[in-house]
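A.B. asks: Predicted model and sequence below, questions to follow.
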Amino acid sequence: MTVAVSKAVEAGTEMLVCASTGNTSASAAAFGARAGLRTVVLVPKGAVALGKLAQTVQYGAEVVELTGTFEDCLRVARELAAEHPVALVNSAANDHRLAGQQTAAFEIVDVLGDAPDLHCLPVGNAGNITALWRGYTAYEKAGRAAHRPRIWGFQAAGAAPLVLGRTVEAPETVASAIRIGNPASRAGALAARDESGGRISAVSDEQILAACRLLARHEGVFVEPASAVGVAGLLAEHAARRVPAAQRIVITVTGNGLKDPQASIPEGCHSVETSTATSDVVRALGLV
Ligand SMILES: Cc1ncc(COP(=O)(O)O)c(C=O)c1O
Ligand SMILES: N[C@@H](CCOP(=O)(O)O)C(=O)O
């Protein structure tokens, strides 16, 4: 996002616009604020996690909630940008976004000394998978990596157009960030899958939430549901004995859990209530 916003400033643009399931809007709002630009975000009504909305509002962006899907928001954003002097900062409409996002692949190769054998990541609007493949390809061409990884993308089962091979009109998943039924960068995702000899598969909401808990309880890493999709996917592939041995594997874990706290405690806070007597606390903890 920082590349797209810097380029917008360079071009003399005074207003940013984006469509978002929540994270892109928070990001556009932050960089827009830093650049002193007016930022307008179009989001599907009632479908954005509270933490992301809080960030967006606090950064001073104008939030427009549309009674429709993310795809409706992107269509309107494209139409606004076609008619008005605004910079559209969605990755599918702004190549500077992909140019920035591809540097994730550069960083991975720089840290590992070469590309991994396999890279797993969540796929929503498919900008990340497109940019990642572009980055690995550029680094290989430049002689900075000896090979490129296979790319395994994962979608939520209720929002898996790339797995089903068709648009999903009413996508539904606990992973609201990737609740997208018609990815704008569909072609880039399919190219990443096919050129890398990879795959794009689906994982259930149960698998996603289980991966969230696993990351939190075994690694101390608190993520929002969309963020755990790569982990859920790799575990599912491993259970199906489809992960070859001795692989160097990278998983992109994309978003902090505080962005969507409700997803972590869907049935309320799992606490125990007691009086202020230590003996009651001891009893509640099963220590006697
Ligand atoms: C937290 C999170 N993870 C993953 C993704 C997927 O990225 P992309 O839309 O580029 O496929 C998104 C956005 O959709 C996201 O917000
Ligand atoms: N995850 C995104 C989906 C929008 O897309 P982008 O490809 O423009 O980043 C979001 O948070 O809105």
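C.D. replies: The structure has been received and is ready for your questions. Everything numeric in this text was worked out from a predicted model, so none of it was measured. Ligands and ions are numbered 1, 2, ... in the order given.
A.B. asks: Am I right that residue 43 sits in a strand?
C.D. replies: Yes. Assessed by DSSP: H, G, I helix; E, B strand; the rest coil, residue 43 belongs to a strand.
A.B. asks: contacting residues around it?
C.D. replies: Residues near residue 43 by CB atoms under 8 Å, 6 or more residues apart in numbering: 19, 20, 21, 22, 25, 53, 63, 64, 65, 66, 70, 73. (Glycine included, C-beta is placed from N, CA and C.)
A.B. asks: Go through the strand or helix carrying the fifth one and flag the buried ones.
C.D. replies: By that I understand residue 25. Using DSSP states H and E, the element containing residue 25 is helix 23-35. Buried residues in helix 23-35, counted by 16 or more other CB atoms under 10 Å: 23, 24, 25, 26, 27, 28, 29, 30, 31, 32, 35.
A.B. asks: Pull up the residues of the stretch 1-150 of the chain that are close to ligand 2.
C.D. replies: Residues of the stretch 1-150 of the chain lying near ligand 2 by CB under 6 Å from any ligand atom: 20, 21, 22, 23, 24, 90, 91, 92, 124, 125, 127.
A.B. asks: 8 Å instead, please
C.D. replies: Counting by CB under 8 Å from any ligand atom, the positions of the stretch 1-150 of the chain adjacent to ligand 2 are 1, 18-27, 43, 52, 70, 74, 89-94, 97, 124-128.
A.B. asks: can you tell me which of the residues you listed are up against ligand 1?
C.D. replies: Of those, the ones that also sit near ligand 1 (CB under 8 Å from any ligand atom) are 21, 22, 23, 24, 91, 124, 125, 126, 127, 128.
A.B. asks: Thought residue 176 was touching the first one, still the case?
C.D. replies: Yes. Counting by CB atoms under 8 Å, residue 176 is a contact partner of residue 21 at 5.9 Å.
A.B. asks: Identify the contacts common to these two.
C.D. replies: By CB under 8 Å, 6+ apart, the residues touching both residue 21 and residue 176 are 47, 48.
A.B. asks: Let me have the ones next to ligand 1 among the residues of the stretch 1-150 of the chain next to ligand 2 in TSV, extended by pLDDT.
C.D. replies: Formatted as TSV, these follow (pLDDT from 0 to 100):
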residue	pLDDT
21	97
22	98
23	98
24	98
91	97
124	98
125	97
126	98
127	98
128	98
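A.B. asks: In helices, which of those fall?
C.D. replies: Taking DSSP state H as the definition of helices, those contribute 23, 24, 127, 128.
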